[in-house]
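> model this:
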Amino acid sequence: MTAATVAEIRQALAETLDPEYPVGLVDLGLVRGVELDGGTARVEIAYCSLGCPCIALIEADIEERLLRLEGIERVEVREVFEPWSRRDVSAKGLRILREAGVG
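Reported below is the predicted structural model:
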């Protein structure tokens, strides 16, 4: 069995879309860290606001997507309380948001 790599986990997170906007979590600047410990993927994530109504949806989407990777048996999502701002969004993310009429 081949285990997933941190790069593959980050790519899977890049493909996991925010529930409100058609932008991947990486391009939106929400993913703050990724670790792999055996079959456990650990993801650190910051949200756009403290009262984000989509926290449970985002965490469920992360878990569902990462469990599809080879060798991932468990996913831990940890919220980090780092300020998020527009500066965290990648150029690709900003382009997608503009095309969607946001920003």
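> Break down this structure into its strands, ranges please.
31-37, 40-45, 74-79 (DSSP state E).
> now, of these, which is deepest in the fold?
Greatest average neighbour count among those goes to strand 40-45 (a mean of 20), per mean count of other CB atoms under 10 Å. Just so you know, the C-beta spots here come from the backbone N, C-alpha and C atoms, and that holds for glycine as well.
> which residues touch the residue most central in space within the chain?
Closest residue to the average C-alpha location of the chain: Leu25 at 3.8 Å, with CA atoms, centre = their mean. Each residue near Leu25 by CB atoms under 8 Å, 6 or more residues apart in numbering is listed here: Leu13, Ala14, Thr16, Leu17, Asp18, Val31, Ile45, Ile58, Ile62.
> how about those residues in a markdown table, adding pLDDT?
Below are the contacts of Leu25 laid out as a markdown table (pLDDT from 0 to 100):
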| residue | pLDDT |
| --- | --- |
| Leu13 | 98 |
| Ala14 | 97 |
| Thr16 | 97 |
| Leu17 | 95 |
| Asp18 | 93 |
| Val31 | 97 |
| Ile45 | 96 |
| Ile58 | 96 |
| Ile62 | 98 |
